[in-house]
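[1] quick one: sequence plus predicted model below, questions after.
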Amino acid sequence: MAWAGVKHPDKVIPRSILWSIVAVASLYMTMNLGIISVVPWREAIKSTAVVSDFIQRLYGIGTAQVVTVLVLWTTLASLFAVLLGYSRVPYAAAIEGRFFSIFARLHPTRGFPNFSVVFIGVCSALACLLTLDIVVNALIVIQVLVQFMAQVVAVTMIRRNRPDIHRPYKMALYPATSVIAFLGWLYILVASGLQYIVAGIILLAIGIGTYMWRARSTREWPFAEEQA
C-alpha cells in the first residue's frame, strides 16, 4: 500500500516539534539531576568528562572507560547523521538552481551528494581549530541574525501582506508576542559581543548581496518586474 504521507502536516509537524522539545528537555533535565546528585555541581562545572566521572564514582574506573567509549561512539554517530542531513540543504538548493551547481553533484555509485558532504565536513573540521566559546558565540549570532530575528519580521510581514495564506494556528496576544520575541533575541545578540555582531552583520551582508546579484541575473524578486 502506498504511503499517503502525513495527514494535516500544517498542524502535525509543529505539534511534533513542540512535543519533541518537551521530551528532550525532560530527559536532559532528568539526566543532569541524576549526575549532580552524585557529582557535586561545583565539580561538574570543571569536569571535561562529567558522565565518565559519574559512572566512575558509582561502578569504578573499568565501567567508566567502557561508558566513555560508548559516549564517543554515540557522538560520532550523531555527527555523522548531522553531516548527512545538513549536506542535503545546499544540495537541494543547487538542484533548484538557487545555489552553486557543484553542490548538486552525486556520488557515481552511492548516489549521495558527495561534494556537499565533503565541503561541510571540511568546514566542520576547520571549525574544530577554534575554541568552543568562539564557535558557540559565532553560531548563536549567525542564527539570531539570519534566522530567529528574521523569522519574527517575516511572520509579521506575512500576517500583514498575505492574508490569503492559510494559517492553522493563531498567535496569542499578537503583536505583543512578536515584539517580546524580537527583543529577547536582540538582547542575546547584544550580549554576544561586538566582534561577533560585526562578523555576523558582514556575513549577512555578503549573503544578501549574493542573493541580489543572482536575483538580478535571473530576474527574480525583487527584480522580477524588470522582465516585463
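    That came through, no problem.
[2] just want the most central residue of this structure.
    Central residue of the chain (CA atoms, centre = their mean): Q143, 7.6 Å from the mean position.
[3] from N137, how far out is that residue?
    Look at Q143 and N137: by CB to CB, to the nearest Å, they are 11 Å apart. Glycine gets a C-beta too; all of them are placed from N, C-alpha and C.
[4] picking that back up, element containing the residue nearest to the centre of the chain, please.
    Assigned by DSSP states H and E, Q143 belongs to helix 132-143.
[5] what of Y28?
    helix 9-36.
[6] list the buried ones in whichever helix or strand comes after that helix?
    Going down the chain from helix 9-36, the next helix or strand is helix 41-46, by DSSP H and E. With burial defined by 16 or more other CB atoms under 10 Å, the residues of helix 41-46 counted as buried are A44.
[7] hang on, the earlier thing: next one: the residue nearest to the centre of the chain, what pLDDT does it get?
    Note on Q143: pLDDT of 91.
[8] start at 26, not 1
    Yes, from this point I'll number from 26; that puts the last item at Q168.
[9] who's in contact with it?
    With contacts defined as CB atoms under 8 Å, 6 or more residues apart in numbering, Q168 has no neighbours.
[10] domain map for the protein?
    38-89, 156-253 (automatic domain parsing).
[11] least reliable of those domains going by mean pLDDT?
    Across the domains of the chain, domain 156-253 gives the lowest mean pLDDT, at a mean of 86.
[12] centre of the chain to that one, how far?
    14 Å (CA atoms, centre = their mean, to the nearest Å).
[13] quick revisit: tell me what the helix holding Y53 is packed against?
    The helices and strands touching helix 34-61, judged by 3 or more CB pairs under 8 Å, 6 or more residues apart in numbering; DSSP states H and E, are helix 75-84.
[14] next helix or strand past the helix it packs on?
    Defined by DSSP H and E, the subsequent element after helix 75-84 is helix 86-111.
[15] please save the CA atoms from the helix or strand following that next one in CSV.
    Next helix or strand after helix 86-111 toward the C-terminus (DSSP H and E): helix 113-120. What follows is helix 113-120, C-alpha atoms only, in CSV (Å, rounded to 0.1, in the frame of the first residue of the first chain):
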residue,chain,number,x,y,z
ARG,A,113,21.2,17.9,1.7
VAL,A,114,20.3,21.6,2.3
PRO,A,115,22.9,23.1,-0.2
TYR,A,116,22.3,20.0,-2.4
ALA,A,117,18.5,20.7,-2.6
ALA,A,118,19.2,24.4,-3.2
ALA,A,119,21.6,23.5,-6.0
ILE,A,120,19.1,21.2,-7.6
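[16] report the buried residues of helix 113-120.
    By 16+ other CB under 10 Å, the buried positions in helix 113-120 come out as 115-116, 119.
[17] which outside residues touch stretch 95-115?
    76-77, 124-125, 128, 137-138, 141-142, 144-146, 149.
[18] please disregard the earlier target; I meant stretch 140-156.
    104, 108-109, 111-113, 115-116, 119, 127-128, 130, 160.
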